[in-house]
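Q: Sequence first, then the predicted structure:
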Amino acid sequence: MSENIYLPLHTCRVIEPTATVNRLQFLIHFCAASAVLYYHASRVLFAFHLDRVSLTSVSLAFIFLADVVLFFMWVLIQGFRYRPVSRSVFPERLPDDNMLPELDIFIMTADPDKEPTIEVMNTVLSVMAIDYPSEKLHIYLSDDAGADVTLCAAKEAYSFGSYWVPFCKRFDIAVRCPEVFFNDSKINRQESDKEFCQERQKIKVLFDTFKEKVKKLKEKKYSSATGFQKTRQEHPSQIEIIRKEESNSTDKEDFTIPSLVYVSREKRKGVHHRFKAGALNVLLRVSGVITNSPYILVLDCDMYSNDPSSARQAMCFHLDSRLSPSLAFVQFPQDFYNISENDIYCGEIRQLFKTFWLGLDGLRGPILSGTNFFVKRCALYGAKPGGMSNSEDKEISRLKDKFGNSNEFCLSLVEESSHDFDEKITTYVNPQKENILILASCDYENGTQWGEQVPIRSYTFTSFQIGYIYGSVVEDYFTGFHLHCRGWVSTYCFPSKPAFLGNVPINFNDALVQNKRWNAGLLEVAFSRHCPLIFGISRNFTSVLQSMCYAWLAFWPAYSIPLLCYGIFPQLCFLNGITLFPELTSPWFGAFVVVFLSSCIQNLREVFRLGRNFTTWCNEQRFWMINGLTGQLFAIVDVFLKLIGTSAVNFDLTNKTADEDQKKRYENGVFNFEGCSLMLLPATTLSLLNLGALIGGAWQMMKFNAIERLFAQFILSCFILALSLPLIEGIVFRRDTGRVPPRVAFWSLVLSGLILFMFMFC
Ligand SMILES: O=c1ccn([C@@H]2O[C@H](COP(=O)(O)OP(=O)(O)O[C@H]3O[C@H](CO)[C@@H](O)[C@H](O)[C@H]3O)[C@@H](O)[C@H]2O)c(=O)[nH]1
Ligand SMILES: [Mn+2]
């Protein structure tokens with residue numbers, strides 16, 4: 001190993017020529033977009049000067065507004081494109097196993113109905129078996145439902161794990177999620193190694209028995225007439241350290257298996273439980289007094305480990321002595337196992353995980369993305385880069401003011417600060433049980449600073465963050481933002497083999513609900529006193545580009561404004577023969593063409609660079625448009641209602657179950673609108689409006705021979721029509737259960753008809 005000491009654990013290079021081409025394109029687009037803005041501004045002024053309020057002047061004003069928003073968003077997005085980098089890691093150069101730090105793994109689940117228990121257990125088993133010293137791995141399963149099924153299933157999983165883990169390690173299994181392993185026909189046909197085949201058969205029987213037991217547990221749950229006394233909203237805290245059953249079999253003796261702790265925090269009606277952030281903070285405290293590992297891997301319950309070497313890959317960054325003092329977390333992308341070739345709902349989120357995060361990585365690191373990240377514990381406790389704060393922070397009484405009234409926990413903080421990578425890190429505190437339960441109670445955080453970003457002295461830029469920040473349903477984004485603001489950096493680990501694989505929504509409604517939540521959460525941050533544009537830039541002047549990226553996301557739902565404007569006014573004007581854009585022969589027309597093509601080319605370049613095709617681009621454009629008119633629009637409404645105090649933004653859990661019918665439609669790339677609420681209405685109404693205006697307007701255009709004047713609007717309408725085809729199909733032509741719900745279809749027909757009629761003779 002000694003010769004490895006001088007070899008880097010990881011390398012990083014700027015992705016060229018992408019970076020240079022991005023910067024050149026910036027210049028071209030900037031000039032053209034400025035010309036477009038100038039053209040619109042002057043026309044708006046002129047129109048209002050001439051005939052005050054009319055359809056023309058109002059439309060021009062809204063189109064100008066749309067262009068200003070688009071320009072604003074385009075400026076912000078440049079942060080992602082300035083310096084994309086790509087990294088490589090060399091886990092084989094890591095120090096010996098006994099030098100590796102301990103690792104706590106948090107797995108979050110919240111609802112045994114929406115999150116199938118067997119899938120959660122597969123996630124647990126997949127990380128139990130990762131390629132990392134077992135005695136240094138500690139798994140915590142957080143169950144926000146307090147469901148007995150989950151606890152019992154976890155016990156079953158653990159005893160199956162005591163066979164599964166040794167098996168994986170002995171035969172160096174490539175994917176350590178049992179369900180995936182046993183379904184992989186390639187592995188199972190590999191008959192050469194007799195011993196392997198025998199063992200596999202044995203484990204398969206055990207796995208089937210385990211699955212059967214979990215199934216029975218579930219059935220029992222549903223059939224019991226009295227039900228469980230505990231409910232999802234109301235249950236006491238429960239913490240169980242799940243131990244290996246004493247068994248007398250000999251063949252698994254030389255393997256230790258990671259510890260597993262089940263944690264269900266207390267929930268009471270009327271006490272805000274802060275969703276996932278609240279659960280994570282409980283886990284931070286509970287794990288703090290039990291194992292207190294310096295690093296934590298956070299996983300959603302559906303994200304199983306697909307590559308057992310991921311922890312070692314992450315350690316290539318965390319153990320790099322130059323980078324480590326300022327490194328808060330290593331983020332892995334989110335990849336998905338159930339995504340179809342077509343990906344009509346853009347569940348892949350290609351733009352963020354495959355393109356933009358690489359750009360952020362070249363600045364000060366990717367945004368914390370909820371799951372698949374290895375975070376440094378002390379960074380979450382408010383430490384500043386370079387180590388813990390000064391000695392006064394080590395006094396237990398002072399710590400109690402901030403961290404709450406638990407001796408054990410505050411002691412764990414002090415010990416934690418003396419950690420060094422070479423030292424043995426964990427002390428198994430094993431405190432009295434009731435002392436741990438208190439850490440998971442509703443009242444523990446009262447009067448403490450958990451979940452808050454607290455300025456220590458308001459006039460300085462120092463501040464303190466304890467745990468995951470509350471106040472937004474995108475706790476990941478918000479928490480990561482504060483870490484970056486305090487000077488921490490992050491890195492993006494983007495190996496070719498996906499490290500983790502999760503589950504995407506495969507029907508339109510689930511996708512919209514998820515997107516609405518994200519957008520509402522992001523907008524909550526934009527409207528808080530932590531708006532990235534102001535707070536971010538003022539905190540850390542060195543990272544204006546990074547703050548721009550954060551701001552772009554925070555203002556993500558703002559895209560619905562230009563989408564609304566472009567979905568209404570050009571159409572109404574087209575219908576009435578009013579020209580909004582320059583004529584075909586005018587030099588200004590060129591500027592519009594350049595802006596439009598430049599945006600398309602930019603996205604196409606990003607898609608092609610990943611080896612995707614034109615279809616991906618079309619799907620992305622389509623989803624961008626429909627989501628902008630539904631999920632994002634209603635996210636704005638949600639946040640607005642929160643601001644005026646009538647309701648709160650909720651964490652609507654993403655559904656992770658699907659029936660065969662849904663799966664089939666999804667695989668075939670057919671939109672499934674089943675279960676869609678009136679949230680779909682703006683999109684369906686505008687698509688019908690566009691269709692009506694296109695037909696009516698085109699007829700007029702021909703009649704009055706106004707092609708030159710109205711060409712831009714004609715093309716725009718055709719473009720929108722192409723993107724909205726699935727909607728129109730779903731309203732007009734389809735009769736299956738996946739069509740647009742009749743109620744929504746009816747109202748969109750009425751509304752669009754009404755609007756068209758009102759403006760027909762304007
Ligand atoms: O009160 C809650 C709500 C959710 N969860 C867990 O949080 C995870 C994410 O929830 P999910 O419904 O799957 O949301 P997604 O939209 O798939 O999640 C994305 O967006 C979230 C922020 O909105 C991030 O927390 C996630 O990591 C990110 O994958 C799941 O494991 C849940 O069990 C809890 O533990 N408690
Ligand atoms: Mn999820």
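A: Arrived safely. No experiment lies behind these values; they were computed from the predicted model shown. Numbering: from 1, shown residues only. Ligands and ions are numbered 1, 2, ... in the order given.

Q: And the protein, what are its domain boundaries?
A: Domain assignment for the chain by automatic domain parsing gives 18-82+553-652+672-760, 101-313+368-452.

Q: Dihedrals phi and psi, whatever residue of the stretch 201-350 of the chain ends up closest to ligand 2?
A: Closest approach of the stretch 201-350 of the chain to ligand 2 (C-beta to the ion) occurs at D300, with a separation of 4.8 Å. Backbone N, C-alpha and C define where each C-beta goes, glycine included. The phi and psi values for D300, taken as degrees, to the nearest 10, are phi -70, psi 160.

Q: can I assume it is in contact with T371?
A: Yes. With contact defined as C-beta atoms under 8 Å, D300 reaches T371; the gap is 4.2 Å.

Q: Could you pull out the buried residues of the one helix or strand S59 maps to?
A: For S59, the enclosing helix or strand under DSSP states H and E is helix 55-81. Within helix 55-81, the residues scored as buried using 16 or more other C-beta atoms under 10 Å are 56-67, 69-71, 73-74, 76-81.

Q: Ok, stretch 719-737 next?
A: Using 16+ other C-beta under 10 Å as the test for burial, stretch 719-737 gives 720, 723-724, 726-728, 730-731, 734.

Q: quick one on the thing from earlier: what about the residue of the stretch 201-350 of the chain closest to ligand 2, distance to ligand 1?
A: For D300, the distance to ligand 1 (C-beta to the nearest ligand atom, to the nearest Å) stands at 3 Å.

Q: Now do the shared contacts for D300 and T371.
A: G502 (C-beta atoms under 8 Å, 6 or more residues apart in numbering).

Q: and A328, what are its phi and psi?
A: Main-chain dihedrals, A328, degrees, to the nearest 10: phi -90, psi -40.

Q: Contacts only, for it.
A: Contact analysis of A328 by C-beta under 8 Å, 6+ apart lists 365, 375-376, 379, 385, 483-484, 488-490.

Q: repeat that for 7 Å
A: A328 is in contact with 375-376, 379, 483, 488-490, counting by C-beta atoms under 7 Å, 6 or more residues apart in numbering.

Q: Neighbour count, pLDDT and secondary structure added to these, as a markdown table?
A: Formatted as a markdown table, the contacts of A328 follow (neighbours: other C-beta atoms under 10 Å; pLDDT from 0 to 100; DSSP: H, G, I helix; E, B strand; the rest coil):
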| residue | neighbour count | pLDDT | secondary structure |
| --- | --- | --- | --- |
| V375 | 27 | 98 | strand |
| K376 | 22 | 96 | strand |
| A379 | 22 | 93 | helix |
| L483 | 23 | 92 | helix |
| W488 | 23 | 93 | coil |
| V489 | 20 | 95 | strand |
| S490 | 27 | 97 | strand |
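
Q: Closest to ligand 2 out of those?
A: Ligand 2 lies nearest to V375 out of the contacts of A328, by C-beta to the ion, at 18.2 Å.

Q: Count the residues that sit near the residue of the stretch 251-400 of the chain at minimum distance from ligand 1.
A: Nearest residue of the stretch 251-400 of the chain to ligand 1: G370, at 2.1 Å (C-beta to the nearest ligand atom). As a burial measure, G370 scores 22 neighbours (other C-beta atoms under 10 Å).

Q: which one is it nearest to, not counting chain neighbours?
A: Spatially, and ignoring its direct neighbours in sequence, G370 is nearest to D476 (3.8 Å; C-beta to C-beta, 6 or more residues apart in numbering).

Q: Check whether the one you found really touches L368, as I assumed.
A: Yes. Under the criterion of C-beta atoms under 7 Å, D476 makes contact with L368 at 4.6 Å.

Q: circling back to that earlier point, pick the one among the buried residues of stretch 719-737 closest to A33.
A: Closest approach between the buried residues of stretch 719-737 and A33, by C-beta to C-beta: I720, at 20.6 Å.

Q: separation between that closest one and ligand 2?
A: 31 Å (C-beta to the ion, to the nearest Å).

Q: Please tell me how far that residue sits from M679.
A: Separation of I720 from M679 (C-beta to C-beta, to the nearest Å): 20 Å.

Q: And for A61?
A: For A61, the distance to M679 (C-beta to C-beta) stands at 28 Å.

Q: Could you do P366 as well?
A: Taking C-beta to C-beta as the criterion, P366 is separated from M679 by 30 Å.

Q: Out of these two, name the residue with the larger neighbour count.
A: The neighbour comparison of P366 against M679 (other C-beta under 10 Å) goes to P366, with 29 against 18.

Q: Return the mean pLDDT over stretch 613-624, rounded to an integer.
A: The average pLDDT within stretch 613-624 is 96.

Q: So for it, could I get the coordinates as CSV, restricted to C-alpha?
A: Extracted in CSV, the C-alpha atoms of stretch 613-624 (Å, rounded to 0.1, in the frame of the first residue of the first chain):
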residue,chain,number,x,y,z
ASN,A,613,-31.8,10.8,-29.2
PHE,A,614,-34.3,13.3,-30.5
THR,A,615,-37.2,11.5,-28.8
THR,A,616,-35.7,12.3,-25.4
TRP,A,617,-35.5,15.9,-26.3
CYS,A,618,-39.2,15.9,-27.4
ASN,A,619,-40.3,14.2,-24.3
GLU,A,620,-38.4,16.7,-22.2
GLN,A,621,-39.9,19.7,-24.0
ARG,A,622,-43.4,18.2,-23.7
PHE,A,623,-43.1,17.4,-20.0
TRP,A,624,-41.6,20.8,-19.4
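
Q: circling back to that earlier point, mark which of the buried residues of stretch 719-737 are part of helices, please.
A: Of the positions in the buried residues of stretch 719-737, 720, 723, 726-728 sit in helices, assigned by DSSP state H.

Q: Quick check: of the residues you listed, which lies closest to ligand 1?
A: P726 (22.6 Å).

Q: Against ligand 1, how distant is the spatially closest residue to that closest one that is not a sequence neighbour?
A: Take P726 and drop its neighbours on the chain: the residue closest to it by C-beta to C-beta, 6+ apart is F671, 4.3 Å away. To ligand 1, F671 is 20 Å away according to C-beta to the nearest ligand atom.

Q: Those residues of the stretch 401-550 of the chain touching ligand 1, which are they?
A: Within the stretch 401-550 of the chain, the residues that sit near ligand 1 (C-beta under 6 Å from any ligand atom) are 473-474, 476, 514, 517-518, 521.
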